[in-house]
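Q: how does the following fold in three dimensions:
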Amino acid sequence: MTAKLDLTHTIPEDVANAAVQRDLTLSAETASALSAFGAQVPVFLQNYLRTWSPYRPWWNYEDGLIWKGALDLYGVTRDQALLDYVLAEMETRVLPDGSMPTFLPKEYNIDHVNGGKILFPLYAFTGEERFRKAMDVQFAQLKEHPRTQSGNYWHKQIYPNQVWLDGLFMAQPYQVAYAKITGDEALFADSVQQFLNVECLLKKTENGLYFHGWDESRAERWSDPDTGLSPNVWGRAMGWWIGALVEVYEASEGLDLNLRGEIARITRDTLGALMTYRSENGLWYQVVDQGAREGNYEEASASAMIAYGLLKAARFKVVGPELGRAGLESLKAVTARFVTPSALNGICGVAGLGNTPYRDGSYEYYLSEKITPNDPKGVGALMWALTEGLKA
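A: Residues are numbered from 1 along each chain as shown. Below you'll find the model as predicted:
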């Protein structure tokens, strides 16, 4: 028997007793719609948003994941409480002149771009010019962001010459949405080329999955001296990758059809590979292709992200309806297994490569990272997937 981590443990006090930060009540219509995925789902989301506080004081990707989730749900429910929540958070982050005082572009951290995705729906929903101006402020980082010799953005300035799957999700949907609103087809072409580079360099040829990271310089201990690759396929990295693909496909509507076709092709190939490794419960493992190995476990954020990818790809007819149905089944498996009225459980809090203490990308490393209830990387993904589930 494969050993499993116990994901039904008692909810920590800091989760159960989180202080209420805002008066937020989902409409009866929203609660009813979300209840189709379990009666606990609208209760959890309302509790989470009421008690949510920023992950960090500056513009960061974790907060962006939650804001995007709330705006995605607003787009389908038109529940004013969700839009008002994000707008309240923007009062000090996007000023009337479009400046972004908490955005730190000179850190050249690709994660910082993720939050900018919300500027596009906010501009569409409100027409406020500050959000259009802020898009230019956000894009200024990418104009100067360092790249590998092969043309991809570095993951971070502190991780030179490295490409992680995470980074495709953080930057490319934003860049493509910016390409569309500015009419800059060359930006879309650049994004597609970065995906093609990753397909060439990071794809695991024997099963169609992707390694977590690649170091062009081979300087990192985690990188293979011949290939530059990290050793394993991490679940949430695959979630970031498929999320990036489907969001770029959606954002590129009206842009070059041949380039969109390349994104669709990679999406189909990736989802086909992921379906091979879906567990009998409809979920995905922390180390995706080693589900039978001792200690591995079904992980919530990866499972929610992949369900999101399946549902969105099916909605855009990139894949057939059978994969859309599989996505809906997996979403319901996530809510049944991991969601309680006060917590989303089963989330790997963080995982990366290098740094101090050193993260070597080994199987044992990924299994050692702490499971963190209500981490925004899981809650955000749950909201995106629920949005697609409501549209299915």
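Q: please tell me how far Asp226 sits from Gln286.
A: 26 Å (CB to CB, to the nearest Å). Any C-beta I mention is one placed from the backbone N, CA and C, and that applies to glycine too.
Q: and those two? Which one has more around it.
A: Ranked by neighbour count (other CB atoms under 10 Å), Asp226 and Gln286 place Gln286 first, with 26 against 7.
Q: pLDDT score assigned to Ala16?
A: Here, the pLDDT recorded for Ala16 equals 70.
Q: may I have the residues that are in contact with it?
A: Counting by CB atoms under 8 Å, 6 or more residues apart in numbering, Ala16 makes contact with 342-343.
Q: ditto for Pro101
A: 92-93, 95.
Q: make TSV out of those residues and add neighbour count and pLDDT.
A: TSV is the format used below for the contacts of Pro101 (neighbours: other CB atoms under 10 Å; pLDDT from 0 to 100):
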residue	neighbour count	pLDDT
Thr92	10	97
Arg93	19	98
Leu95	14	98
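Q: ok, those vs Gln40, which is closest?
A: Lowest distance from Gln40 to the contacts of Pro101 (CB to CB) belongs to Arg93, with 31.0 Å.
Q: distance of the closest one relative to Ile110?
A: Taking CB to CB as the measure, Arg93 falls 19 Å from Ile110.
Q: before we move on, what about Glu62?
A: Distance, Glu62 to Ile110, using CB to CB: 14 Å.
Q: one more: Glu216?
A: To Ile110, Glu216 is 15 Å away according to CB to CB.
Q: which one of these two is surrounded by more residues?
A: A count of neighbours by other CB under 10 Å puts Ile110 above the other of Glu216 and Ile110, at 28 against 18.
Q: correct me, but the more buried one touches Tyr153?
A: Yes. Look at Ile110 against Tyr153 with CB atoms under 8 Å: they come within range, at 5.5 Å.
Q: what touches both of the two?
A: Shared contacts of Ile110 and Tyr153, defined by CB under 8 Å, 6+ apart, comprise 145, 167, 171.
Q: kindly reformat those residues as a markdown table containing pLDDT.
A: Below are the shared contacts of Ile110 and Tyr153 laid out as a markdown table (pLDDT from 0 to 100):
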| residue | pLDDT |
| --- | --- |
| His145 | 98 |
| Gly167 | 98 |
| Ala171 | 98 |
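Q: how many neighbours does Gln102 have?
A: Slight slip there: residue 102 is Thr, not Gln. Thr102 has 15 neighbours, counted by other CB under 10 Å.
Q: tell me the contacts of it?
A: Thr102 neighbours (CB under 8 Å, 6+ apart): 57-59, 92-93.
Q: once you drop chain neighbours, what's closest to the residue nearest the centre of the chain?
A: Nearest to the geometric centre of the chain sits Trp240, at 4.8 Å (CA atoms, centre = their mean). Sequence neighbours aside, Phe169 is the residue nearest to Trp240 in space, at 3.9 Å (criterion: CB to CB, 6 or more residues apart in numbering).
Q: could I get the buried residue list for the helix or strand hosting the one you found?
A: Taking DSSP states H and E as the criterion, Phe169 maps to helix 165-182. Residues of helix 165-182 classed as buried: 165-180 (neighbour count, 16 or more other CB atoms under 10 Å).
Q: can you check stretch 354-372 too?
A: Judged by neighbour count using 16+ other CB under 10 Å, the buried positions of stretch 354-372 are 354, 359, 361, 363, 365-367, 371-372.
Q: using CSV, write down the CA coordinates of it.
A: In CSV, the C-alpha atoms belonging to stretch 354-372 read as follows (Å, rounded to 0.1, in the frame of the first residue of the first chain):
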residue,chain,number,x,y,z
GLY,A,354,17.8,26.4,-4.9
ASN,A,355,18.1,29.3,-2.3
THR,A,356,18.7,28.8,1.4
PRO,A,357,18.0,26.3,2.9
TYR,A,358,18.9,24.6,-0.4
ARG,A,359,16.0,23.0,-2.3
ASP,A,360,17.4,20.3,-4.5
GLY,A,361,14.3,19.3,-6.4
SER,A,362,14.4,15.7,-5.2
TYR,A,363,11.4,13.5,-4.6
GLU,A,364,12.1,13.7,-0.8
TYR,A,365,12.3,17.5,-1.0
TYR,A,366,8.8,17.9,-2.5
LEU,A,367,7.4,15.6,0.1
SER,A,368,9.0,17.5,2.9
GLU,A,369,7.3,20.9,2.2
LYS,A,370,4.6,21.8,4.7
ILE,A,371,0.9,21.3,3.9
THR,A,372,-0.7,24.7,4.5
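Q: so what touches it?
A: With CB under 8 Å, 6+ apart as the criterion, stretch 354-372 contacts 5, 7, 158-159, 162, 212-213, 220-222, 230-232, 234, 286-287, 290, 293, 295-297, 345-353.
Q: and the lengthiest helix in the chain with helix 165-182, angle?
A: In the chain, assigned by DSSP state H, the helix with the most residues is helix 257-276. Per axes from the mean of the first three to the mean of the last three CA atoms, to 10 degrees, the angle that helix 257-276 makes with helix 165-182 is 150 degrees.
Q: make residue 1 into 156 and carry on from there
A: Happy to do that; since the first residue is 156 now, the last one works out to helix 412-431.
Q: now the element after helix 412-431, going C-ward?
A: helix 455-470.
Q: output the contacting helices and strands for the next helix or strand after that next one.
A: Downstream of helix 455-470, the next assigned helix or strand under DSSP H and E is helix 476-493. Using 3 or more CB pairs under 8 Å, 6 or more residues apart in numbering; DSSP states H and E, the elements in contact with helix 476-493 are helix 412-431, helix 455-470, helix 531-546.
Q: who does Tyr440 form a beta bridge with?
A: Beta bridges link Tyr440 to Glu453, judged by DSSP bridges.
Q: so it touches Tyr432, yeah?
A: Yes. Between Tyr440 and Tyr432 there is a contact under CB under 8 Å: 7.2 Å.
Q: so what sits against both of those two?
A: Gly446.
Q: got any ranges where the stretch 206-355 of the chain has weak pLDDT?
A: For the stretch 206-355 of the chain, no stretch is flagged by pLDDT under 70.
Q: if I read this right, Ala468 contacts Gly475, doesn't it?
A: No. Taking CB under 8 Å as the definition, Ala468 is not a contact partner of Gly475, at 9.5 Å.
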